[in-house]
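Visitor: can you look at this prediction? I've put the sequence above it.
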Amino acid sequence: AQPGAAAPVAAPLRDLEWGQINFLHTTDTHGWHGGHLQEPQYSADWGDYVSFAEHMKKKADDQGVDLLLIDTGDRIEGNGLYDASDPKGKYTYDIFSEQSIDVICTGNHELYQADAVTREHDITVPNFKDSYLASNLDYIEPETGNQIPQAKRYRKFKTKNQGLNIVALGFLFNFDRNANNSVVIPVEETIKEQWFLDAIREKPDLFVVTGHVGLRMKEFEQIYKVIRDQNWYTPIVFFGGHAHVRDTRKFDDNAFAIASGRYFETIGWMSIDGVTKKGDDEFSAQASASFKRRYIDNNLFGLQYHTGLNETTFPTEHGRNVTKMIADGRKALNLDKTFGCAPQDLWMSRAEYPSNSSIFTWLEELVMPDIVVNKERADVPRLAITNTGMIRFDIFKGAFTIDSTYIVSPFVSMLNYIPNVPYNVAKKVMPLLNNGGQLFAGNMDPALDAKYLVSPEQWSLATQPQLENLETESPVHFMDTADGQKPLGDGDSSERPGLIGGYTTKDDLGDNGDDTVHSPLKFYAVPNCIQTEIDFPIKGDPDKVDLVFVDYVQPWVIMALKFSGGDYSTDDVKVWSNETVTDMIAGWIWENWKVDC
Ligand SMILES: Nc1ccn([C@@H]2O[C@H](COP(=O)(O)O)[C@@H](O)[C@H]2O)c(=O)n1
């Protein structure tokens, strides 16, 4: 870890169980390759991961088993190391490519902005040559306008030590907010394409399906069914992401899927035993494989423990060099520059909303009234709406740095508005966004599913097994009111005093997946959107308001207006300001949190 990073923590650890073929999995790292500087339990950096992987490969070689590395996308957006440079990713692409990865695919974040799509095509795809898979993603070449596969559709290879034949695929969920120099081919179409039908007839010993896909989303289900129909006995292992959770899903005795969290907090471990090498006699392959998984907390204490090494013997020269690349990049970007001092912790979901510790209450009550200002519309009362998914991480008490800005909200979203909306129409929008029932259930228009208004942690928690026993009547993303909140987990650490709060994952294999034994944390559901009334009359309601909203929520706002009796379209939308909301929030912090810390 870099100098200055928080010290690793000591905690009870569960061992990794090795099999014939083993995997290390990262996903949704979002630029956190420098590790978590304010959270010791996730403070190892990408250089430490390079050292870790090198030692683990040696262990695999010594045992005559195989170890493969997987990354399932969303490597960018969410941390100063990526977002603060111009062009974005000036340091992260080189840092990331120092890891030797066997199968890598694309996430939706690599596709939001056209320049990011191009960088992926020009930098990451060549960096990972044969390992980069794009089963359902095309790129539009700028020179010719031709639509070409972003990378190879699938990969067939033999493992180093066991000689197992693998067919690997790399998918993205049916994402439709991608920049127009990319084309995401829906999974249901892809699985009918000839190359795919050929791939699943290759008769490998093991299918490795990677995807920036939530494990419980329909896309993996579809892929599983079509592979299994063609291959009754072949083990299939899925590596997913997007949902920002630790999870393992069982499709059948021979098919499991793992998701390895978010923000480089977690390194996923999956091992498989009982994979039969197919000879001429195909039926020799009928035996059931066994799957084991662990979610490794990404800190030096754990990484050293799992390799059997110590502070001195753990870092490899390569790993150290990568750690230095990270430190140099952070320094060049001045990421540790403090420009405010947060007076307290502000939580996304670890505090109830509304409450003094909720980041959304802080935004709604303190920040929005100050930043939603436009001289030309100063005399018009306004309703300002943002989605809660715009905020990506908590604010910790203490130094708020350039890095923190991008960690809290990396998006380049700006504010738009519709002027002079009758108040009795405008006031119905927010209740519809938060409790639209069928309107935003995704049945009428999947792109308007309300789950896309909240952060992935929120919507995917709703489908997690640990929620089955909760007394929550509605999925998290359709919370009716703030009063309906229930803590997700009991938060009771009294049984295991001295444990650090953290992930206590329950998945289809049980509750022993986390390598580190934690005490559970309480989480609360949050609404899809929050709203602030600004410059309202002291008495009574205004006749008309400017309806101001972050541009991301525009399609939902237009639809909600229609249902509220307001016939507006995108033609009625105007630009409120040319500053990103992230910059506005940073500006507020600069002005209001000036105290030294
Ligand atoms: N401009 C944007 C883009 C996305 N969001 C939020 O992010 C969620 C998706 O997160 P991933 O990391 O999985 O891509 C989405 O559901 C939105 O809540 C946003 O607010 N603004």
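Guide: That came through fine.

Visitor: quickly list the domain ranges of this protein.
Guide: If you go by automatic domain parsing, the domain ranges for the chain are 21-332, 338-488+524-592.

Visitor: interface residues of the chain facing the ligand?
Guide: 74, 108-109, 242, 387, 389-390, 411, 413, 452-456, 552 (C-beta under 6 Å from any ligand atom). The way it works is simple: take the backbone N, C-alpha and C, and place the C-beta from them, glycine included.

Visitor: which one of the domains of the chain is the most hemmed in?
Guide: domain 21-332 (a mean of 21; mean count of other C-beta atoms under 10 Å).

Visitor: how about the contacts made by the nearest residue to Val553 once chain neighbours are set aside?
Guide: Using C-beta to C-beta, 6 or more residues apart in numbering and skipping residues adjacent in sequence, the residue nearest Val553 is Asn387, 5.0 Å away. When contacts are counted by C-beta atoms under 8 Å, 6 or more residues apart in numbering, Asn387 touches 433, 453-454, 528-529, 550, 552-553.

Visitor: name the next helix or strand following the longest helix seen in the chain along the chain.
Guide: In the chain, assigned by DSSP state H, the helix with the most residues is helix 46-63. Where DSSP states H and E defines the elements, the next helix or strand beyond helix 46-63 is strand 66-71.

Visitor: one step back: among the residues of the chain next to the ligand, name the ones in strands.
Guide: The strands, defined by DSSP state E, take in Asn387 from the residues of the chain next to the ligand.

Visitor: farthest-separated two in the residues of the chain next to the ligand?
Guide: His242 and Ser413 (19.4 Å; C-beta to C-beta).

Visitor: now, the residues of the chain next to the ligand that are in helices?
Guide: Pro456.

Visitor: bridging residues for the residue nearest to Val553?
Guide: Cys529 (DSSP bridges).

Visitor: look up how far Asp62 lies from it.
Guide: Here the criterion is C-beta to C-beta, to the nearest Å. By it, Asn387 lies 50 Å from Asp62.

Visitor: can you check Asp94 too?
Guide: Counting by C-beta to C-beta - Asp94 and Asp62 are separated by 31 Å.

Visitor: also Ile258?
Guide: Ile258 is 24 Å from Asp62, by C-beta to C-beta.

Visitor: cool, and Ala289?
Guide: 23 Å.

Visitor: could you verify my assumption that Thr361 touches Ser355?
Guide: Yes: counting by C-beta atoms under 8 Å, Ser355 is a contact partner of Thr361 at 6.0 Å.

Visitor: what helix or strand does Leu415 sit in?
Guide: strand 414-422.

Visitor: partner strands of that strand, parallel or antiparallel?
Guide: strand 544-550 (antiparallel), strand 574-580 (antiparallel).

Visitor: before we move on, back to that, ok, residues contacting the longest helix of the chain?
Guide: Residues contacting helix 46-63 (C-beta under 8 Å, 6+ apart): 1, 18, 22, 24, 26, 33-35, 44, 66-67, 69, 95-96, 98-100, 160-161, 264, 267, 298, 300, 303, 306-307, 309, 314-316, 318-326.

Visitor: the stretch 51-200 of the chain: helices as residue ranges?
Guide: Per DSSP state H, counting those that start in this stretch, the stretch 51-200 of the chain carries helices over the ranges 80-83, 92-96, 114-119, 125-128, 187-190, 194-199.

Visitor: mind putting the contacts of Asn387 in CSV, pLDDT included?
Guide: Formatted as CSV, the contacts of Asn387 follow (pLDDT from 0 to 100):
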residue, pLDDT
Leu433, 97
Leu453, 95
Val454, 95
Asn528, 96
Cys529, 98
Val550, 98
Tyr552, 96
Val553, 97
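
Visitor: what's the farthest-apart pair in those?
Guide: Across the contacts of Asn387 (C-beta to C-beta), the longest gap, 13.5 Å, separates Val454 and Val550.

Visitor: and the closest residue to the ligand within the chain, what pLDDT?
Guide: Minimum separation of the chain from the ligand (C-beta to the nearest ligand atom) falls at Gly389, amounting to 1.9 Å. Each residue has a pLDDT score; the one for Gly389 is 96.

Visitor: that one against Tyr452, yeah?
Guide: Yes: contact criterion C-beta under 8 Å: Gly389 and Tyr452 qualify, at 7.2 Å.

Visitor: return the helix or strand in this structure with minimum mean pLDDT.
Guide: helix 456-461 (a mean of 76; mean pLDDT, DSSP states H and E).

Visitor: what kind of secondary structure is Phe207 in?
Guide: When classified by DSSP: H, G, I helix; E, B strand; the rest coil, Phe207 comes out as strand.

Visitor: residue contacts, the closest residue to it other than its chain neighbours?
Guide: Spatially, and ignoring its direct neighbours in sequence, Phe207 is nearest to Ile236 (4.3 Å; C-beta to C-beta, 6+ apart). Applying C-beta under 8 Å, 6+ apart to Ile236 gives the contacts 206-207, 209, 224, 227-228, 251, 254-256.

Visitor: let's see which of the residues you listed end up in strands.
Guide: Short answer: the contacts of Ile236 in strands (DSSP E) are 206-207, 209, 251, 255-256.

Visitor: farthest pair within the residues you listed?
Guide: Leu206 and Phe251 (14.1 Å).

Visitor: how near is the residue nearest to Ala255 when sequence neighbours are not counted to Val65?
Guide: What sits nearest to Ala255 in space, not counting adjacent residues and going by C-beta to C-beta, 6+ apart, is Ile236, at 4.1 Å. Distance, Ile236 to Val65, using C-beta to C-beta: 19 Å.

Visitor: same thing with Ser43?
Guide: Distance from Ser43 to Val65, by C-beta to C-beta: 29 Å.
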